[in-house]
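1. here are the coordinates; sequence isn't available:
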């Protein structure tokens with residue numbers, strides 16, 4: 001019994017010491033490397049990344065207590081992206097509260113390669129630092145507001161991190177992203193080689209969106225482009241699953257079936273020849289560059305290895321062997 005009592009007392013003393021250790025840290029102003037001290041939190045950054053940045057700048061001597069405090073106080077999942085300015089030394093608690101409330105001098109939002117317009121809208125809608133106008137806009141109204149000449153918003157925005165002043169209208173970010181995508185596309189279009197099966201830069205944007213969705217391996221994008229361009233030049237159908245999935249919309253449940261490949265939609269490249277009518281996602285600069293500067297290859301087929309890369313084949317016979325090996329697991 002005495003041993004148990006001693007153990008309880010020891011634990012209580014330990015907890016008291018830990019509480020005192022944390023309290024001393026929590027209410028003691030942190031040193032600043034300069035006044036004002038400015039730092040940027042990238043979209044998607046964690047409490048751990050923030051603590052590491054503050055330690056690197058000399059604001060924290062060690063990051064462990066800051067991370068513990070953030071988790072105990074419930075701030076870990078509330079870190080908001082943007083640029084912050086600190087004019088006077090703050091305590092760790094004050095600093096954590098500031099970044100959790102999003103008291104920024106510049107907000108930040110990230111558009112990711114491969115997102116569709118629905119995901120772009122969602123990302124803007126959940127950013128509390130923006131003035132939200134988009135929820136009340138149709139796609140047609142959105143296009144008119146940004147001065148777009150296209151008839152559909154899919155793929156028109158350049159994936160990147162965009163900084164903005166607090167309470168800026170969300171539509172302003174889309175206007176900037178639209179203009180940047182047009183600049184990137186036009187620059188790539190002007191350096192294209194002859195013989196590509198595109199009539200307009202928009203055709204190339206459609207192709208770039210398919211390339212973006214077909215592979216996450218940057219080194220493969222020119223080869224993926226070559227396959228699709230070779231197929232178009234030969235009058236073959238693209239037969240690419242991402243376009244079918246896009247055409248299914250909300251009907252797609254994560255499992256692409258044979259019946260889906262046979263169900264005709266404007267985006268089904270198994271049932272329809274040529275490019276789909278619009279992009280299917282937001283392509284990045286590498287995908288745009290690949291669409292307009294494909295690899296020199298005679299490949300007409302590719303199949304996934306299962307590790308994020310593909311095997312490319314120039315004939316149906318070679319392709320079937322690759323399918324048997326990597327998809328059906330036959331040697």
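-> Received it, and whenever you're ready, just let me know what you need. All of these numbers come straight from a predicted model, not from anything done at the bench.

2. Helices of the stretch 51-200 of the chain, residue ranges please.
-> Ranges of helices in the stretch 51-200 of the chain, per DSSP state H, counting those that start in this stretch, are 64-72, 92-101, 117-125, 139-146, 170-190.

3. is it possible to export these to JSON lines including distance to residue 298, mean neighbour count and mean pLDDT?
-> In this view, the C-beta of every residue, glycine as well, is placed from N, C-alpha and C. Formatted as JSON lines, the helices of the stretch 51-200 of the chain follow (distance: least, C-beta to C-beta, whole Å; neighbours: other C-beta atoms under 10 Å; pLDDT from 0 to 100):
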{"stretch": "helix 64-72", "distance to residue 298": "54", "mean neighbour count": "18", "mean pLDDT": "92"}
{"stretch": "helix 92-101", "distance to residue 298": "54", "mean neighbour count": "18", "mean pLDDT": "94"}
{"stretch": "helix 117-125", "distance to residue 298": "35", "mean neighbour count": "17", "mean pLDDT": "97"}
{"stretch": "helix 139-146", "distance to residue 298": "39", "mean neighbour count": "15", "mean pLDDT": "97"}
{"stretch": "helix 170-190", "distance to residue 298": "23", "mean neighbour count": "18", "mean pLDDT": "97"}
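
4. residues near residue 126, how many?
-> 10 (other C-beta atoms under 10 Å).

5. what's the distance between it and residue 308?
-> 29 Å (C-beta to C-beta, to the nearest Å).

6. and what of residue 218?
-> Relative to residue 308, and taking C-beta to C-beta, residue 218 is found at 11 Å.

7. just for the stretch 1-150 of the chain, where's the confidence low?
-> 1-24 (pLDDT under 70).

8. give me that answer again for 50
-> 9-10, 12-14, 17 (pLDDT under 50).

9. buried sites along the helix or strand where residue 321 lies?
-> Using DSSP states H and E, residue 321 falls within helix 316-326. Buried residues in helix 316-326, counted by 16 or more other C-beta atoms under 10 Å: 319, 322, 323, 326.

10. residue contacts, the second one?
-> Same thing as residue 322. Going by C-beta atoms under 8 Å, 6 or more residues apart in numbering, residue 322 touches 301, 303, 311, 313.

11. Now do the contacts for the closest residue to residue 214 other than its chain neighbours.
-> Nearest-residue entry for residue 214: residue 224, 5.2 Å, with adjacent residues in sequence omitted and distances by C-beta to C-beta, 6 or more residues apart in numbering. Contact analysis of residue 224 by C-beta under 8 Å, 6+ apart lists 211, 214, 215, 290, 302, 310.

12. how about 10 Å then?
-> 207, 210-215, 217, 240, 287, 290-291, 294-295, 297, 299, 302, 310, 312 (C-beta atoms under 10 Å, 6 or more residues apart in numbering).

13. repeat for residue 118
-> Residue 118 is in contact with 154, 249, 250, counting by C-beta under 10 Å, 6+ apart.

14. And for residue 199?
-> Residues near residue 199 by C-beta under 10 Å, 6+ apart: residue 275.

15. cool, and residue 34?
-> Counting by C-beta under 10 Å, 6+ apart, the residues that residue 34 touches are 57, 58, 86.

16. Touching, the second one and residue 39? I think so.
-> No - contact between residue 58 and residue 39 fails when scored by C-beta atoms under 10 Å: they sit 11.5 Å apart.

17. Please say which of the two ends up with more neighbours.
-> residue 39 (17 against 13).

18. and that one, helix, strand or coil?
-> Under the three-state scheme (DSSP: H, G, I helix; E, B strand; the rest coil), residue 39 adopts strand.

19. May I have the beta-bridge partners of it?
-> residue 84 (DSSP bridges).

20. can you check residue 109 too?
-> Under the criterion used (DSSP bridges), residue 109 bridges to residue 162.

21. That's all I had, so thanks and see you.
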